[in-house]
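Novice: Provide a 3D model corresponding to the input given below.
(chains A and B)
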Amino acid sequence: DAKTTQPPSMDCAEGRAANLPCNHSTISGNEYVYWYRQIHSQGPQYIIHGLKNNETNEMASLIITEDRKSSTLILPHATLRDTAVYYCIVGTGRRALTFGSGTRLQVQP
Amino acid sequence: GAVVSQHPSRVICKSGTSVKIECRSLDFQATTMFWYRQFPKQSLMLMATSNEGSKATYEQGVEKDKFLINHASLTLSTLTVTSAHPEDSSFYICSAREGSGIGTDTQYFGPGTRLTVL
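Specialist: Numbering: from 1, shown residues only, chains lettered A, B, ... in the order given. As a prediction, this is how the structure comes out:
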């Protein structure tokens, strides 16, 4: 599976949009971009995934560049409960997910 | 989204005893489940892939005789840590794959089991 690169940490003000970037320049044609988050001492929570089109659900939006080499997860109105480690993972979904270090998002009051 | 449960959520045991952890997919069938562990301040590391009705596939460095995995039904996989030692203390997390195996599948994770071996 392709490797991803994320900033180690980010801050965001409560109520503002949180934009979390991810680089995946070696992504192959059949690989999807998945986003999960892990709140302290809990299992990872699925957020969203996409192949090449932008996706939106009740939790977030996923913007994938046209060349698919990078993506951005957008939390439109961050709350304190969104403080977590966010993982961007590339894969087919059929095999186990490979977790990197992720981005630690701290939402500030 | 789909729900995966784990039991127990927390267990403390004495060195040398065995501990069984259950992972259940509550509202979908999962032919494949995965077991991960996470040490403090580290990311999740895959231990093994569990396929219903067949033997598990273990990652390099994971002892299959120590970490016994059984996936007897489409909604239940169990991980048994045999003869546990303090170095086995960790956060064990399972995930279950929802999907047909064609196209994209989504993996949903359980809440994790915190194992402490004294």
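Novice: CA atoms for contacts and neighbours, from now on please.
Specialist: Noted.
Novice: show me what the lengthiest strand in chain B is packed against.
Specialist: The longest strand of chain B (DSSP state E) is strand B:90-98. Counting contacts by 3 or more CA pairs under 8 Å, 6 or more residues apart in numbering or on different chains; DSSP states H and E, strand B:90-98 packs against strand B:4-7, strand B:32-38, strand B:106-109, strand B:113-117.
Novice: now do that strand, average pLDDT.
Specialist: Averaged across strand B:90-98, pLDDT comes to 94.
Novice: surely residue B:8 is in contact with residue B:24?
Specialist: No. Using CA atoms under 8 Å, residue B:8 is not in contact with residue B:24; the gap is 11.5 Å.
Novice: for the residue nearest the centre of chain B, give me its contacts.
Specialist: Chain B has residue B:35 as the residue nearest its centroid, 3.3 Å off, counting by CA atoms, centre = their mean. By CA atoms under 8 Å, 6 or more residues apart in numbering or on different chains, residue B:35 lies in contact with B:46, B:47, B:48, B:49, B:50, B:79, B:92, B:93, B:94, B:95.
Novice: in three-state terms, label the second one for me.
Specialist: Following DSSP: H, G, I helix; E, B strand; the rest coil, residue B:47 is assigned to strand.
Novice: how many other residues sit next to it?
Specialist: 23 (other CA atoms under 10 Å in any protein chain shown).
Novice: kindly report the same for the fifth one.
Specialist: Neighbouring residues of residue B:50 were enumerated by other CA under 10 Å; the total is 27.
Novice: ok, of the helices and strands packed on strand B:90-98, where does mean pLDDT dip lowest?
Specialist: strand B:106-109 (a mean of 92).
Novice: can it be found next to chain A?
Specialist: Yes. Strand B:106-109 comes into contact with chain A (CA under 8 Å from any CA of the partner chain), by way of B:106, B:107, B:108, B:109.
Novice: show me what that strand is packed up against.
Specialist: Strand B:106-109 packs on strand A:45-50, strand B:90-98, going by 3+ CA pairs under 8 Å, 6+ apart.
Novice: so which of these gets nearest residue B:30?
Specialist: strand B:90-98 (5.6 Å; CA to CA).
Novice: okay, buried residues for that closest one please.
Specialist: For strand B:90-98, burial by neighbour count (16 or more other CA atoms under 10 Å in any protein chain shown) applies to B:90, B:91, B:92, B:93, B:94, B:95, B:96, B:97, B:98.
Novice: where's the fifth one relative to residue B:7, distance?
Specialist: The reference is to residue B:94. 11 Å (CA to CA, to the nearest Å).
Novice: which residues are in contact with each of those two?
Specialist: residue B:23.
Novice: who are the contact partners of residue 71?
Specialist: In the absence of a named chain, this looks at chain A. Residue A:71 touches A:21, A:22, A:23, A:24, A:62, A:63, A:64, A:65, counting by CA under 8 Å, 6+ apart.
Novice: that answer is for a different chain, and I need it for chain B
Specialist: B:50, B:51, B:52, B:53, B:54, B:77, B:78.
Novice: good, wrapping up.
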